[in-house]
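Peer 1: Pasting a predicted model and its sequence here:
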Amino acid sequence: MHNDSFRTRMGVAAILVGLLPAWMVLAPLDITRAPEVWQLVVRVNAFAVPMIQLIFILLAMGGSFSPIHAVRELPFISKFALALWFVIASVVSFQPGKEHFFPSVGISKLMVAGLFFLALIHSLRMVGNRLTHALWLSIGAGTLIWTLLWVTHIFLYSPQGDEWVYRIPGVDNVRHMGHFAVAGVTAGLVGVIVFRDRTNMWLRWVLPVSVGAVSFGLSLWTGSRGPLLASLVVVAATLCLAAGHRKSIAKFFAASALLSTAVVATLPLPHHIYGIAEATGMADVTANADHDASSGRTLLWSGTIEKISERPIFGWGINQFFNSGPSKPANFFHPHNFPLQLMFSGGIVSVLLTLLIVIPILLRWRWPYTKGESAAGVGAVVGLLVYSLYDGALYFSYPTTIFLVAIATSVAPAEVQHGNDR
């Protein structure tokens, strides 16, 4: 009875996590045209994400999850490195004269995300594949619901000009919508794998392909090269790993890509950065940074490297890029490259401590990537890592959550075996 109650509770928690794109719109009431200051703060900082993560943690604690016990179970080296990282990051980030709000938000989010990951691992141990399926299917539903909310916003308020770039519900830039697209493609892959043996065509093909087509369509219509490339990497990595599901994956990709391309080709392009030509890199390359192959990233990266060279050991602090980053180009919250982000925030020390935290934990796990849904999770990990090399896939709260879900649903602690969790 206790296990059944825990499964039900965590099933609800999984649905809440999967529907995060909808909460990111509804929490700041971002369906309105002219948001108030408080709405902008909630939207820009994506406060809906840590709130849902906290709810997940609390629901897990209502069962058998103990944060203290989970931390104690970590390898000694990881615990030592984590404690040292926290002390150094706090000292560097909260130095006198620096801005303290952003570091407070950043460190708090990291702590919540860490506990969420531990709660997720514990829940997957207890519930098994059912929770994996619930998470990814809910994530696919989240992408569909967010798309419906955006369509509703478009019909109600008719965005004009640059509002098509900067007035997107739940995010502060149309390119950040791509995080939902990559998550949706992974969810579609999981769906077509999980339902492969079902005779119901709606479950086996219509639902997964619909999620995949909408996800690819979002990237194609908005001209988002980064999400499109990351989505293709997810599919390619899953195709390589899931040996027994390659035919189903190939059919899913072909159907999703063709359907999304056919639909997008008929849609109007409300802004010059939209369209298949932009998404596939076929647009004319001009001096305009919007059309440049790097979208101005090379200038940002070179400026970030110069700032890193000024403080190579301990860096500038968590979430200090907006105030302490390069002056040209200015007003960026992150360098659009995860290794540079890590070096800027914590220097060489941060890189070494991160490795000491992560490697001992990963060595405790086996990666059952020969199983279909696990292969899709590994594919998402690879895709988001590639995505993080040219964007903020491991900076923003939502894609970081998807990254953690992908890792957690791809690994199983070596001492835990699920013999009847199908």
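Peer 2: All right, it came through fine. Numbering: from 1, shown residues only.

Peer 1: Return the per-residue confidence for Asn45.
Peer 2: Reading off the confidence values, Asn45 has pLDDT 82.

Peer 1: Pretty sure Val105 is one of the things it touches, is it not?
Peer 2: Yes - with the criterion set as C-beta atoms under 8 Å, Asn45 and Val105 qualify as a contacting pair; they are 5.8 Å apart. Every C-beta, even on glycine, is put in place using the N, C-alpha and C of the backbone.

Peer 1: and Phe333, that one's in a strand?
Peer 2: No - residue assignment for Phe333, taken from DSSP: H, G, I helix; E, B strand; the rest coil, gives coil, which places it outside any strand.

Peer 1: okay but Ala279 is in contact with Leu220, surely?
Peer 2: Yes - the pair Ala279 / Leu220 is scored as a contact, 4.9 Å apart, by C-beta under 8 Å.

Peer 1: hey, what's in contact with both of the two?
Peer 2: Leu228 (C-beta atoms under 8 Å, 6 or more residues apart in numbering).

Peer 1: So for stretch 377-388, what gets flagged as buried?
Peer 2: When burial is assessed from 16 or more other C-beta atoms under 10 Å, stretch 377-388 yields the following buried residues: Gly377, Val378, Gly379, Ala380, Val381, Val382, Gly383, Leu384, Leu385, Val386, Tyr387, Ser388.

Peer 1: check which helix or strand covers the fourth one.
Peer 2: Looking back up the chat, that one is Ala380. With the criterion set as DSSP states H and E, the secondary-structure element containing Ala380 is helix 372-387.

Peer 1: Distance from the chain centre to the longest helix belonging to the chain, please.
Peer 2: In terms of residue count, the longest helix belonging to the chain (DSSP state H) is helix 129-157. Taking C-alpha atoms, centre = their mean, to the nearest Å, the mean C-alpha location of helix 129-157 is offset from the chain mean by 14 Å.

Peer 1: Against which helices or strands is it packed?
Peer 2: Identification of packing neighbours for helix 129-157 by 3 or more C-beta pairs under 8 Å, 6 or more residues apart in numbering; DSSP states H and E yields helix 2-18, helix 20-26, helix 101-127, helix 178-194, helix 207-221, helix 372-387, helix 397-408.

Peer 1: so that helix versus helix 2-18, what angle?
Peer 2: If you take axes from the mean of the first three to the mean of the last three C-alpha atoms, to 10 degrees, helix 129-157 sits at 30 degrees to helix 2-18.

Peer 1: how far off helix 207-221 does helix 129-157 point, in degrees?
Peer 2: On the basis of the same axes, to 10 degrees, helix 129-157 is oriented at 50 degrees to helix 207-221.

Peer 1: what is the rounded mean pLDDT of helix 129-157?
Peer 2: Helix 129-157 shows a mean pLDDT of 94 in the predicted model.

Peer 1: Would you format the buried residues of stretch 377-388 as JSON lines with pLDDT included?
Peer 2: As requested, the buried residues of stretch 377-388 are arranged in JSON lines below (pLDDT from 0 to 100):
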{"residue": "Gly377", "pLDDT": "91"}
{"residue": "Val378", "pLDDT": "92"}
{"residue": "Gly379", "pLDDT": "94"}
{"residue": "Ala380", "pLDDT": "96"}
{"residue": "Val381", "pLDDT": "95"}
{"residue": "Val382", "pLDDT": "95"}
{"residue": "Gly383", "pLDDT": "97"}
{"residue": "Leu384", "pLDDT": "97"}
{"residue": "Leu385", "pLDDT": "96"}
{"residue": "Val386", "pLDDT": "96"}
{"residue": "Tyr387", "pLDDT": "97"}
{"residue": "Ser388", "pLDDT": "96"}
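
Peer 1: Out of those residues, which is nearest to Asn331?
Peer 2: Ser388 (20.9 Å; C-beta to C-beta).

Peer 1: That closest one contacts Asn337, correct?
Peer 2: Yes - contact status for Ser388 versus Asn337: in contact at 7.4 Å, counting by C-beta under 8 Å.

Peer 1: Let me know the secondary structure of Phe65.
Peer 2: The three-state label given to Phe65 by three-state DSSP is coil.

Peer 1: gap between it and Ile402?
Peer 2: Relative to Ile402, Phe65 is positioned 21 Å away (C-beta to C-beta, to the nearest Å).
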